[in-house]
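Visitor: With the sequence up front, the predicted model follows.
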Amino acid sequence: MSEPKEDRYSPALVLELAPDDLLRHFNRAGVLVPADVHAARVMERLGGCSDPLVALAAALAARGPRAGHVLVDLATVASTVVAEGAAGATDGTEVGSLPWPSPAAWAEALEGSPLVNVGEGEEPPRPLRLVGGNLYLERYWRDEGRVAADFLARADAPVVDLDGAWLQQVLADLFPGGEDGLQARAAETCARRLLSIVVGGPGTGKTTTVARALALLYLVADRQGAPWPLVALAAPTGKAAARMAEAVHEEARHLAVPERVRAQLLGLDASTVHRLLGRHPAGLNRFRHDRTNQLPHDVVVVDETSMMSLPLMARLVEAVRPDARLVLLGDPEQLASVEAGAVLADVVGALSPVAESPPALGSSVTVLQVNHRFGGPLAEVAAAVREGDAPRAVELLASGGHGTLSWVEADLDEVAADSAELGGLRASATTAAGVLAAAASAGDIAGALDALGRARLLCAHRDGPSGASTWNLQVEMWLAEAGADVHGDGAWYAGRPVVITENDYGLGLFNGDTGVAVRRPDGGLHVVFQRGLAVQAVSPARIGAVATAFAITAHRAQGSEFEDVAVLLPGPTSRILTRELLYTALTRARQRVLVVSSREALEVAIARPVARASGLARRLRR
């Protein structure tokens, strides 16, 4: 049988590779893309060497962060790597049948290469680092070590001595009727330790707990006769930061604290982590605040920590003063960062029952368990997905959950959008969009912002039959068919919901911020964004990177919540279909969830947890 003819115009092929080049086989099979191959070639030129085993390892190390991995496990990569399958790139070769080197031969070649530092010691700068059977890009190895060392140093720092009787009385006042005492424990940890990590599912009260913990810190300062701490609130995205500030302000309004403490809490604002660290003119991977110019804050609180990549966490910990408190909040079961690493999941993994974790690190972590946002079928299906119990999740969705759960068993890659099967999806989407458009056309800013937060379609992909861009166009087509004044294709109209896709420091708009176009009294349009209790209005002409947001990806929805959510899953072959994605999408809902998916895709998602190759948990176990 003749070999398939190559598409010489495919951007996924590296044409210069010789037929016997090891990298050529992996490129043709869709494992390596041109950027990986070229990175390996650059390393070879810098090191003045050429070894096919080292080149393959270097290319895979360059590929790893793009897939979320911090390292390459030489012993398991052949069985765990997934071909990217770009159109025209694959030749039908199965990944497992590729000419993978034996781990022993591979390690021997790497140990003798001038491109590789071996072991944990400080070595001359080289692009690769081999530790045991794990291969890192050197900078990721250093970032991992920096994060582990900072966490352990903070966990080992002396505990702040406080008057026990006074502290318990203040905690009783701040947390009256606490169901299990865990929120009070989290606040006490924040007051006593330099590292506090508060984890829990959606609705367990992480941000409301931290609001009370900050009140406690102000009261502790008063009792000690010290100045109040300078506090920074941050999150990986603008939307998550805004929600954090709103939660802190809402909690502050009814806390039993002195008025000046309440006013201080109400005065706190939140920013993205990138904005907190500050732009550096030298490049995107550097910030104004680093180990030589640390942040002035006494307390740094970061929400939605599961979304933070390893490099960003490394930049943060080096910028926080050694004597300042670092408070991290998040849900390790949600989607990890789109970049390399899963820091929060690694911390929790280091504390698993089988791990010999440092007692101090365990004392810095509080796991909240009581769900205050939703219960009943919504909580049950989320728990089933989190635990990998596909039969139970399918049973709950099929039952209807007393009106809170709906499941349309359909493959979006095959079914037409105007089919009878999707009639319920069309009705719910157009009803929500119609309420939004009516308020926006009438110039009702408050009504439009309220409607903006009520419903959303959540997708796994940006593009494709089940992607957010496709479904945004579909909702606009449905609205146009219903007689709405919708222009589509990115044009502005009253009621168009939008999400900012790039930071705009000049306008104060950040990636993930959502707004809606509302009619002005003069007949023109402005785009309004909620800013705590205030509203920011911006001319559409001034907004650059923006996308319509009837539908958004589940990744972008992290840090948000809506009354009603429709979860649109791709077919079962999608590589992005995971347990964490489904769990994240389901838990964005406060009241109702509609899932559109084939049974196979649903079961595949629940059975496939994200597995990211990382050494952080091992380092945290020392």
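Guide: Sure thing, it's come through. Numbers count the residues shown, from 1 in each chain.
Visitor: Show me where the stretch 201-350 of the chain has its helices.
Guide: Assigned by DSSP state H, counting those that start in this stretch, the helices in the stretch 201-350 of the chain fall at 206-224, 238-252, 259-266, 273-277, 310-319, 343-350.
Visitor: For L130, which of those is the nearest?
Guide: Closest approach to L130 among the helices of the stretch 201-350 of the chain is made by helix 310-319 (18.4 Å; CB to CB). For glycine as for every other residue, the C-beta is placed from the backbone atoms N, C-alpha and C.
Visitor: Report the inter-axis angle for that closest one versus helix 343-350.
Guide: With axes from the mean of the first three to the mean of the last three CA atoms, to 10 degrees applied, the angle from helix 310-319 to helix 343-350 works out at 90 degrees.
Visitor: how about TSV for the helices of the stretch 201-350 of the chain, with mean pLDDT, distance to R41 and mean neighbour count added?
Guide: As requested, the helices of the stretch 201-350 of the chain are arranged in TSV below (pLDDT from 0 to 100; distance: least, CB to CB, whole Å; neighbours: other CB atoms under 10 Å):
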stretch	mean pLDDT	distance to R41	mean neighbour count
helix 206-224	90	46	21
helix 238-252	84	38	22
helix 259-266	91	55	15
helix 273-277	88	32	22
helix 310-319	93	24	23
helix 343-350	84	31	24
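Visitor: Among the ones you listed, which comes closest to S406?
Guide: Between S406 and those, the shortest separation by CB to CB is 25.9 Å, and it involves helix 238-252.
Visitor: low pLDDT regions in the stretch 251-400 of the chain?
Guide: Applying pLDDT under 70 to the stretch 251-400 of the chain flags the ranges 282-285, 352-360, 371-375.
Visitor: ok, now with 80
Guide: Residues of the stretch 251-400 of the chain meeting the criterion pLDDT under 80: 279-285, 334-338, 341, 349-360, 369-375, 400.
Visitor: What segments of it are strands?
Guide: Using DSSP state E, counting those that start in this stretch, the strands of the stretch 251-400 of the chain run over residues 270-272, 299-302, 325-330, 365-368.
Visitor: The second one pairs with which strands?
Guide: Right, the one you point to is strand 299-302. With DSSP bridges as the test, strand 299-302 is paired with strand 231-235 (parallel), strand 325-330 (parallel).
Visitor: Flag every buried residue along it.
Guide: Under the neighbour-count criterion of 16 or more other CB atoms under 10 Å, strand 299-302 has V299, V300, V301, V302 buried.
Visitor: So what's the residue count around D20?
Guide: 8 (other CB atoms under 10 Å).
Visitor: Would you format the buried residues of strand 299-302 as TSV with distance to V220 included?
Guide: Formatted as TSV, these follow (distance: CB to CB, whole Å):
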residue	distance to V220
V299	11
V300	17
V301	16
V302	21
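Visitor: And those, which is closest to V118?
Guide: Nearest to V118 out of the buried residues of strand 299-302 is V302 (CB to CB; 34.4 Å).
Visitor: what residues are up against that closest one?
Guide: By CB atoms under 8 Å, 6 or more residues apart in numbering, V302 lies in contact with A234, A235, P236, V273, M308, L316, L326, V327, L328, L329.
Visitor: can you do 6 Å?
Guide: Counting by CB atoms under 6 Å, 6 or more residues apart in numbering, V302 makes contact with A234, L328.
Visitor: Please determine how far it is located from V327.
Guide: As judged by CB to CB, to the nearest Å, V302 and V327 stand 7 Å apart.
Visitor: again, but for L620
Guide: Counting by CB to CB, the gap from L620 to V327 is 18 Å.
Visitor: These two: who's more crowded?
Guide: The residue with more neighbours, out of L620 and V327, is V327; 27 against 22, by other CB under 10 Å.
Visitor: Which positions in the top strand by length along the chain come out as buried?
Guide: Using DSSP state E, we find that the single longest strand of the chain is strand 589-597. Counting neighbours by 16+ other CB under 10 Å, one finds that the buried residues in strand 589-597 are A589, R590, R592, V593, L594, V595, V596, S597.
Visitor: Any chance of a markdown table for the residues you listed, columns distance to H487 and pLDDT?
Guide: Formatted as a markdown table, the buried residues of strand 589-597 follow (distance: CB to CB, whole Å; pLDDT from 0 to 100):
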| residue | distance to H487 | pLDDT |
| --- | --- | --- |
| A589 | 30 | 88 |
| R590 | 31 | 85 |
| R592 | 30 | 88 |
| V593 | 31 | 89 |
| L594 | 27 | 91 |
| V595 | 31 | 90 |
| V596 | 26 | 89 |
| S597 | 31 | 89 |
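Visitor: Please identify which pair of those residues lies farthest apart.
Guide: Using CB to CB, the buried residues of strand 589-597 span at most 21.0 Å, a distance reached by R590 and S597.
Visitor: Distance across stretch 254-267, terminal residue to terminal residue?
Guide: Length of stretch 254-267, first residue to last, CA to CA, to the nearest Å: 15 Å.
Visitor: who touches it?
Guide: Residues contacting stretch 254-267 (CB under 6 Å, 6+ apart): D173, A215, Y218, H249, A252.
Visitor: Excluding residues flanking it in the chain, which one is nearest the fourth one?
Guide: The shortest distance from H249 to any residue that is not its chain neighbour, by CB to CB, 6 or more residues apart in numbering, is 5.5 Å, and that residue is L266.
Visitor: And the second one, by the same measure?
Guide: Among residues not flanking A215 along the chain, V257 sits closest, at 5.0 Å (CB to CB, 6+ apart).
Visitor: for the third one, same thing?
Guide: Setting aside the residues directly before and after it, Y218 is nearest to V261 in space (CB to CB, 6+ apart), at 4.9 Å.
Visitor: circling back: of the strands paired with strand 299-302, which is nearest L56?
Guide: Closest to L56 of the strands paired with strand 299-302, according to CB to CB: strand 325-330, at 35.7 Å.
Visitor: What angle do helix 206-224 and that closest one make with each other?
Guide: 160 degrees.
Visitor: backbone phi and psi for L135, please?
Guide: Note on L135: backbone dihedrals following degrees, to the nearest 10 are phi -110, psi 130.
Visitor: Break down the stretch 51-200 of the chain into its helices, ranges please.
Guide: Going by DSSP H, counting those that start in this stretch, the stretch 51-200 of the chain shows helices at 52-63, 77-80, 103-111, 138-156, 164-174, 182-192.
Visitor: mean pLDDT lowest for which of those?
Guide: Across the helices of the stretch 51-200 of the chain, helix 77-80 has the smallest mean pLDDT, namely a mean of 82.
Visitor: in that one, what counts as buried?
Guide: Neighbour counts using 16+ other CB under 10 Å place V77, A78 of helix 77-80 among the buried residues.
Visitor: Might you report the residue contacts of L425?
Guide: Counting by CB under 6 Å, 6+ apart, L425 touches A566, V596.
Visitor: One more: the one 10 residues further on?
Guide: If you count contacts by CB under 6 Å, 6+ apart, V435 has them with A451.
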